[in-house]
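Student: Below are the sequence and a predicted model for it; my questions follow.
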Amino acid sequence: MSQKFVNSQGTRCSSLLDALLTTNSRQRVSLITTGFACLFMAFCILAMELVAAAGLADRQWVRWWSFASGACVLISFALIRSGVTRDWHDPAFTSVQMLYAITSNAAAYVIAGMARGITPPILAAIMMFAVFGLKPKQIKGLMFYGLFAYGAAAVVVQWGLPGEPMPASLAAVYLLIVTMVLTMTAALGLHANAMRVRLQVQKSELAEAVQHIHELATHDELTGLPNRRYMQDMLRLEEMRARHSGQPLLVAQFDLDFFKAINDSHGHAAGDQVLQNFAGQVAAYVRGSDIWARWGGEEFVLLMVNTSQDDGAQLLESVRARIAATPAVLSSGIHVPYTVSIGAALLEEGESAVTLLERTDAALYEAKHRGRNRVEWARQKPVPGLAPARSKFSPARPDDWAGCTTHSSYLQTRP
Ligand SMILES: Nc1nc2c(ncn2[C@@H]2O[C@H](COP(=O)(O)OP(=O)(O)OP(=O)(O)O)[C@@H](O)[C@H]2O)c(=O)[nH]1
């Protein structure tokens with residue numbers, strides 16, 4: 001058999017399935033379940049027809065029963081296939097299908113004559129459908145309906161049929177078995193339901209935990225800002241984007257001035273509050289497309305996408321002035337004035353994120369060197385062979401930026 005033939009048969013089979021079961025996943029699941037119900041009903045009809053053929057049940061009644069039971073499942077299938085039920089809470093209207101299945105089963109008990117012993121096991125199989133997909137209330141409701149339907153069927157068998165009634169003790173045994181079947185399957189259904197609910201809770205707890213771990217891995221706990229690891233990933237990504245789009249990319253490094261003195265005078269907790277205050281103040285200037293992150297300690301990095309140097313310079317100057325003019329107010333009410341030094345650079349053609357960050361680092365060093373509370377701009381790309389610039393903080397830790405060999409000593413103060 002050629003591969004081509006096998007493929008064409010496979011395609012034909014899958015389009016046939018699509019035509020029968022649709023391509024809508026929710027509708028498909030309902031149709032498959034109802035398809036099983038149809039198959040199940042076909043077996044029941046066959047069994048009842050055999051019972052009638054053996055002369056144990058009235059042929060005429062069995063014919064009517066087969067017609068009515070078969071029609072119900074086929075109409076259900078057609079309704080679901082037509083899409084009418086697609087937006088219903090339960091597109092397979094399982095509880096309704098279960099109701100008529102139980103009714104049909106109780107009716108079979110009435111008409112099956114000597115062979116009525118086959119109906120309780122079939123009832124158990126019907127109730128198995130309830131285990132998957134029905135709510136506890138519906139399962140209990142079906143159990144009580146089953147008891148009622150069989151109770152009514154027993155009354156008809158004892159007093160409503162022509163001829164000799166069944167011995168009362170045998171009728172009681174049947175009822176006992178039916179009660180056992182209904183209570184056991186309902187209990188099983190309730191247990192399965194509780195397990196399903198527990199699994200759902202565990203699943204959502206797991207999803208929350210994963211989200212929390214991701215948050216911890218990418219965010220700084222003190223300020224809530226993205227952390228160094230996240231910023232490094234974003235820098236690489238934005239550098240690639242900028243290279244492809246040709247749009248300008250700006251990076252600025254911030255370092256609080258004399259922060260050790262703040263810690264020493266007001267305590268470490270007060271220092272933390274100053275860091276939070278600073279993170280929040282700058283965040284107010286940052287656009288949704290920019291990334292504002294805590295690099296570590298009292299050091300921060302701002303990545304500005306699609307921003308010209310003029311716009312960036314304006315923003316950084318505003319931030320610097322704002323910080324200098326607005327003391328942090330501690331929870332104790334004490335006002336702590338502080339300033340920030342900023343080193344900034346514009347991504348140059350062919351430049352890597354590593355080199356870009358190195359240049360901003362060198363610019364920041366220069367800002368510190370020139371008296372702090374100022375913005376300094378790096379100008380040009382590293383020149384091979386030049387000695388490395390002194391650095392206020394080192395973004396080029398070997399484990400973070402493997403392969404970085406460039407030197408930076410190329411600063412120019414913006415006019
Ligand atoms: N409160 C607090 N302090 C921190 C944190 N991380 C780092 N520090 C402190 O920040 C201070 C940084 O001091 P230095 O690197 O000497 O810098 P500086 O005092 O700001 O001086 P310049 O940067 O040169 O202006 C150290 O005292 C650190 O202990 C933090 O999360 N919370």
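Tutor: It's in.

Student: what kind of secondary structure is A345 in?
Tutor: strand (DSSP: H, G, I helix; E, B strand; the rest coil).

Student: Determine whether the claim that R294 is in a strand is correct.
Tutor: Yes. R294 forms part of a strand when assessed by three-state DSSP.

Student: Was I right to think it contacts A279?
Tutor: Yes. With contact defined as CB atoms under 8 Å, R294 reaches A279; the gap is 6.6 Å. All C-beta atoms are positioned from the backbone trio N, CA, C, and that covers glycine.

Student: In terms of neighbours, single out the busier of those two.
Tutor: R294 (25 against 19; other CB atoms under 10 Å).

Student: Report the separation between the more buried one and F144.
Tutor: Distance, R294 to F144, by CB to CB, to the nearest Å: 62 Å.

Student: Could you name every residue contacting both of R294 and A279?
Tutor: 223, 225, 300 (CB atoms under 8 Å, 6 or more residues apart in numbering).

Student: could I get those residues as JSON lines with secondary structure?
Tutor: Shown next, in JSON lines, are the shared contacts of R294 and A279 (three-state DSSP):
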{"residue": "T223", "secondary structure": "coil"}
{"residue": "L225", "secondary structure": "coil"}
{"residue": "F300", "secondary structure": "strand"}
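
Student: quick one: which of the residues you listed is nearest the ligand?
Tutor: In terms of CB to the nearest ligand atom, no member of those lies closer to the ligand than T223, at 9.0 Å.

Student: mind checking the backbone torsions on the closest one?
Tutor: Phi and psi for T223, reported as degrees, to the nearest 10, are phi -100, psi -20.

Student: Which pLDDT value goes with it?
Tutor: pLDDT for T223: 96.

Student: The one 4 residues further on too?
Tutor: According to the per-residue confidence, N227 scores 96 in pLDDT.

Student: That one touches H214, doesn't it?
Tutor: No. Taking CB under 8 Å as the definition, N227 is not a contact partner of H214, at 11.8 Å.

Student: out of those two, which sits in the busier spot?
Tutor: N227 (18 against 10).

Student: now the strands for the stretch 251-400 of the chain?
Tutor: 291-296, 299-305, 328-329, 335-336, 340-346, 375-378 (DSSP state E, counting those that start in this stretch).

Student: Mind putting these into JSON lines with distance to S352?
Tutor: Converted to JSON lines, the strands of the stretch 251-400 of the chain look like this (distance: least, CB to CB, whole Å):
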{"stretch": "strand 291-296", "distance to S352": "18"}
{"stretch": "strand 299-305", "distance to S352": "14"}
{"stretch": "strand 328-329", "distance to S352": "36"}
{"stretch": "strand 335-336", "distance to S352": "38"}
{"stretch": "strand 340-346", "distance to S352": "12"}
{"stretch": "strand 375-378", "distance to S352": "14"}
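
Student: Name the SS class of the residue in the stretch 51-200 of the chain positioned nearest to the ligand, please.
Tutor: As assessed by CB to the nearest ligand atom, the ligand sits closest to Q200 within the stretch 51-200 of the chain, at 39.7 Å. What three-state DSSP gives for Q200 is helix.

Student: Distance-wise, check the residue in the stretch 101-250 of the chain that the ligand sits nearest to relative to Q158.
Tutor: Going by CB to the nearest ligand atom, the ligand is nearest to L222 of the stretch 101-250 of the chain, at 5.8 Å. L222 sits 80 Å away from Q158, going by CB to CB.

Student: Would you list the phi and psi of T85?
Tutor: According to degrees, to the nearest 10, T85 has phi -100, psi 0.

Student: re earlier: make CSV from the strands of the stretch 251-400 of the chain and add mean pLDDT to it.
Tutor: Formatted as CSV, the strands of the stretch 251-400 of the chain follow (pLDDT from 0 to 100):
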stretch, mean pLDDT
strand 291-296, 96
strand 299-305, 96
strand 328-329, 96
strand 335-336, 97
strand 340-346, 97
strand 375-378, 96
